[in-house]
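In: mind folding the following:
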Amino acid sequence: MSPQAEHTARPQPVVSQETEFFWTSGRDGRLRFQACTACEALVHPPQPVCRQCRSHDLAIREVSGRATLIGFTVNHRFPFPGLPTPFVLAQVAVEEDPRVRLTTNVVDCAPEDLWIGLRMEAVFERAGETWLPLFRPAPDQPPPAELPPDDPPPERVGACVRPPVSPRRFEERAVISGAGASRLGRRLMVPPLELTVEACEKAVADAGLTLDDIDGLSTYPGGGAYGGFAEGGVTALESALGIRPVWHNGAGETFGPGGSVIAALLAVAAGLARHVLCFRTVWEATYAELIRQGRIRMPQPAGPEGWFKPFGAVSPAMMLAMNAQRHMHRYGSTRETLGWIALNQRAGAALHPDAVYRDPLTMDDYLSARTITTPFGLYDCDVPCDGATAVVVSAAETAPDRPKPAIRIEAVGTQIVERPEWDQATLTHEPQVLGQAAHLWTRTDLRPADVDVALLYDGFTFNCLSWLEALGFCGIGEARDFLDGGKNIARDGVIPLNPHGGQLSHGRTHGMGLLHEAVVQLRGEGGARQVAGARTAVVSSGGLTPGGVLLLRTDG
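Out: Next up, the predicted model:
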């Protein structure tokens with residue numbers, strides 16, 4: 001193979017003993033899945049047990065190769081070997097069991113000729129020793145099919161939420177006593193641990209403590225996780241500061257960045273620690289620049305991402321774009337619906353001295369910006385930056401000794417209801433928000449109308465839309481009317497949203513920046529962007545990961 005061919009060849013998927021049958025099935029032009037012999041459900045990705053009936057009697061079944069197109073995005077921004085840009089990333093529901101979806105590419109069809117509900121058929125492209133199942137429109141086209149139902153449907157997620165196991169809530173036994181943030185900027189070109197230490201020192205000082213008072217450390221996603229662009233986790237910070245924690249936590253499978261805080265709340269409530277320092281560093285802008293310069297290498301995908309990365313899905317933007325498209329298809333939301341979120345965040349960032357993007361943004365600017373991956377344009381996506389954020393979680397009984405008002409934790413929402421795989425979960429909303437939002441309201445007597453300010457994850461505009469509907473600030477499918485004109489989410493609106501600019505304009509601090517802003521708002525320290533009378537705040541975290549949500553309040 002010539003060097004040029006090697007450069008342009010599509011990478012092979014990662015093959016394991018469990019997945020080899022799938023990736024080599026196309027050798028004879030047939031599509032095969034693992035299947036349950038007890039209930040006849042298809043099982044994908046392969047598992048040792050059937051998710052539907054939990055039988056262990058599994059076999060390999062050949063299927064017709066027919067499927068329904070349930071979502072697609074035309075990628076303009078993210079290059080991929082062997083796929084000239086623009087290319088179509090798609091999801092199809094398998095005819096024999098529409099609960100099973102495949103992330104794939106569409107071939108033999110122009111993007112403008114695609115629509116949701118189109119019948120498709122599998123064709124195969126060889127990639128080394130594997131065969132990738134791609135799809136093209138089938139020659140026979142019955143009337144367009146509806147989207148397959150979600151399990152559970154968004155409107156019925158609450159019925160799956162477990163009630164509290166005890167009337168005694170652990171949330172009452174801990175407070176947020178301090179918060180701090182490092183410098184924030186594009187390509188600061190400083191080591192990430194330097195930013196971590198800066199944010200942590202500020203948070204500890206803000207709580208009126210010293211580093212010797214800290215007896216716990218908690219972070220997300222931990223050392224070596226999430227693409228490598230963090231400081232190295234708990235061990236890196238402990239090595240730098242010498243805190244000697246009695247408890248520590250670092251995990252990439254927790255409830256997004258807020259999961260480190262929820263874990264700290266549990267540790268403090270259980271009496272294992274008294275003051276836990278929680279931190280998150282995002283070194284994304286410098287990391288990307290060093291990759292561009294060839295000074296570091298990007299790690300290869302593993303785990304669930306291995307099922308869609310072979311088809312060029314190299315960014316969460318591409319996966320979430322298909323959910324946004326399906327929301328538009330089912331509920332009538334539009335690009336303008338998302339645009340009002342982008343405009344709102346920019347208006348808030350204009351009042352924040354540290355925000356990356358502060359220039360005014362109009363709807364015309366938003367709609368005419370370059371396409372990233374349909375329906376997302378440039379301003380639907382957050383701002384890569386470098387920065388660190390930290391908070392201190394303390395035992396509630398220490399609150400009177402702290403120099404600033406304690407931020408009380410009213411409730412948390414953490415329950416997973418949907419499937420965790422991005423392309424097998426909820427079709428019309430960001431996966432992993434509906435269950436967590438419903439769970440939150442089972443742990444408090446407060447309701448959405450009692451919330452004064454919302455700090456909602458906005459890696460993309462559609463994240464925010466999903467959380468607004470999931471949390472009940474508007475009904476499922478009602479975001480188009482609720483967001484129209486942007487008045488309801490303005491600083492003086494029904495539910496002020498991300499008054500500091502969020503990740504779309506302030507900078508991608510990966511959720512912990514939202515928690516920091518919640519503390520600022522509830523203390524009344526927001527200056528020109530302060531929401532008048534803010535006493536209760538909801539903060540969500542996670543973006544296509546298992547999400548989490550906290551409801552915070554002050555004593556005032």
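In: buried sites along stretch 167-179?
Out: The neighbour-count check on stretch 167-179 (16 or more other Cβ atoms under 10 Å) flags 170, 171, 173, 174, 175, 176, 177, 178, 179 as buried. Backbone N, C-alpha and C define where each C-beta goes, glycine included.
In: quick one: buried residues of stretch 437-450?
Out: Buried residues in stretch 437-450 (16+ other Cβ under 10 Å): 437, 438, 439, 440, 441, 443, 444, 446, 448.
In: do the same with stretch 285-300
Out: 285, 286, 287, 288, 289, 290.
In: got a list of what the last one touches?
Out: By Cβ atoms under 8 Å, 6 or more residues apart in numbering, the contact set of residue 290 is residue 296.
In: got a pLDDT number for it?
Out: Residue 290 is assigned a predicted lDDT (pLDDT) of 80.
In: doesn't it lie inside a helix?
Out: Yes: Residue 290: assigned to a helix according to DSSP: H, G, I helix; E, B strand; the rest coil.
In: quick revisit: just the buried residues of stretch 285-300 now: which is nearest residue 454?
Out: residue 285 (26.6 Å; Cβ to Cβ).
In: please tell me I have it right and the closest one contacts residue 190.
Out: No: judged on Cβ atoms under 8 Å, residue 285 makes no contact with residue 190 at a distance of 11.1 Å.
In: what is in contact with those two at once?
Out: residue 386.
In: any regions of the protein where pLDDT drops low?
Out: 1-8, 224-228, 297-305, 543-544, 556 (pLDDT under 70).
In: ok, which stretches of it are helices?
Out: 3-8, 20-24, 192-206, 234-241, 257-269, 284-292, 316-331, 335-349, 363-368, 434-440, 461-470, 479-483, 512-523 (DSSP state H).
In: for the ones you listed, which one sits closest to residue 551?
Out: Of the helices of the chain, nearest to residue 551 by Cβ to Cβ is helix 434-440, at 6.0 Å.
In: tell me what that closest one is packed against?
Out: strand 407-413, helix 461-470, strand 536-541, strand 548-553 (3 or more Cβ pairs under 8 Å, 6 or more residues apart in numbering; DSSP states H and E).
In: still on that earlier bit, save the helices of the chain as CSV, and put in distance to residue 421 too.
Out: Shown next, in CSV, are the helices of the chain (distance: least, Cβ to Cβ, whole Å):
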stretch, distance to residue 421
helix 3-8, 29
helix 20-24, 14
helix 192-206, 29
helix 234-241, 28
helix 257-269, 19
helix 284-292, 24
helix 316-331, 10
helix 335-349, 24
helix 363-368, 31
helix 434-440, 15
helix 461-470, 17
helix 479-483, 25
helix 512-523, 25
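In: right, so of those helices, which gets closest to residue 56?
Out: Among those, helix 20-24 sits nearest to residue 56 (Cβ to Cβ), with 17.5 Å.
In: which strands or helices does that closest one pack on?
Out: strand 31-36, strand 130-137.
In: quick one: the first one to strand 130-137, angle?
Out: Strand 31-36 and strand 130-137 are oriented at 100 degrees to each other (axes from the mean of the first three to the mean of the last three Cα atoms, to 10 degrees).
In: picking up where we left off before, just the buried residues of stretch 167-179: which are in strands?
Out: 174, 175, 176, 177, 178, 179 (DSSP state E).
In: identify the bridge partners of the second one.
Out: Right, the one you point to is residue 175. residue 394, residue 408 (DSSP bridges).
In: how about it, what does it touch?
Out: 393, 394, 395, 396, 398, 399, 406, 407, 408, 409 are the contacts of residue 175 under Cβ under 8 Å, 6+ apart.
In: pretty sure the last one sits against residue 174.
Out: To tie it back to what came earlier, the one meant is residue 409. Yes: Residue 409 lies in contact with residue 174 (Cβ under 8 Å); the separation is 6.3 Å.
In: shared neighbours, these two?
Out: By Cβ under 8 Å, 6+ apart, the residues touching both residue 409 and residue 174 are residue 265.
In: end to end on stretch 58-76, go ahead and measure it.
Out: 40 Å (Cα to Cα, to the nearest Å).
In: so which bits of that stretch are buried?
Out: 58, 61, 63, 65-75.
In: tell me the one of those residues nearest residue 133?
Out: After measuring the buried residues of stretch 58-76 against residue 133 - Cβ to Cβ - the closest member comes out as residue 65, at 7.9 Å.
In: residue contacts, the closest one?
Out: 30, 31, 121, 122, 133.
In: just the buried residues out of those residues, in PyMOL syntax.
Out: Buried subset of the contacts of residue 65, written as a PyMOL selection, criterion 16+ other Cβ under 10 Å:
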select buried, resi 31+121+122+133
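In: can you list the contacts of residue 65 in JSON lines and add distance to residue 247?
Out: Putting those into JSON lines (distance: Cβ to Cβ, whole Å) gives the following:
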{"residue": "30", "distance to residue 247": "53"}
{"residue": "31", "distance to residue 247": "49"}
{"residue": "121", "distance to residue 247": "55"}
{"residue": "122", "distance to residue 247": "51"}
{"residue": "133", "distance to residue 247": "46"}
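In: quick check: residue 312 vs residue 318, distance?
Out: For residue 312, the distance to residue 318 equals 8 Å [Cβ to Cβ, to the nearest Å].
In: residue 38 reaches residue 49, doesn't it?
Out: No: if you go by Cβ under 8 Å, residue 38 and residue 49 don't touch, sitting 10.6 Å apart.
In: shared neighbours of the two, which are they?
Out: Joint contacts of residue 38 and residue 49 (Cβ under 8 Å, 6+ apart) are residue 55.
In: got JSON lines for the helices and strands packed on helix 20-24, with distance to residue 275 too?
Out: Formatted as JSON lines, these follow (distance: least, Cβ to Cβ, whole Å):
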{"stretch": "strand 31-36", "distance to residue 275": "48"}
{"stretch": "strand 130-137", "distance to residue 275": "51"}
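In: quick check: which of those strands is nearest to residue 262?
Out: Of all those, strand 31-36 comes closest under Cβ to Cβ, at 34.4 Å.
In: can you put the buried residues of stretch 285-300 in CSV and add distance to residue 359?
Out: As requested, these are exported to CSV (distance: Cβ to Cβ, whole Å):
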residue, distance to residue 359
285, 18
286, 23
287, 25
288, 22
289, 23
290, 28
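In: tell me the contacts of the nearest residue to residue 332 once chain neighbours are set aside?
Out: Nearest non-adjacent residue to residue 332, counting by Cβ to Cβ, 6 or more residues apart in numbering: residue 480, 5.6 Å away. Going by Cβ under 8 Å, 6+ apart, residue 480 touches 331, 332, 333, 334, 337.
In: of these, just the buried ones, PyMOL syntax please.
Out: The following PyMOL line selects those of the contacts of residue 480 that are buried, judged by 16+ other Cβ under 10 Å:
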select buried, resi 331+333+337
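In: the closest residue to residue 131 other than its chain neighbours: how many residues sit nearby?
Out: In space, residue 131 comes closest to residue 26 once its chain neighbours are excluded; the distance is 2.8 Å by Cβ to Cβ, 6+ apart. Residue 26 has 22 neighbours, counted by other Cβ atoms under 10 Å.
In: any idea how far residue 26 lies from residue 137?
Out: To residue 137, residue 26 is 19 Å away according to Cβ to Cβ.
In: now do residue 178
Out: Distance from residue 178 to residue 137, by Cβ to Cβ: 58 Å.
In: swap in residue 339?
Out: From residue 339 to residue 137 the distance is 31 Å (Cβ to Cβ).
In: the two: which is more packed in?
Out: Neighbour totals were compared for residue 339 and residue 137, and residue 339 leads with 24 against 18 (other Cβ under 10 Å).
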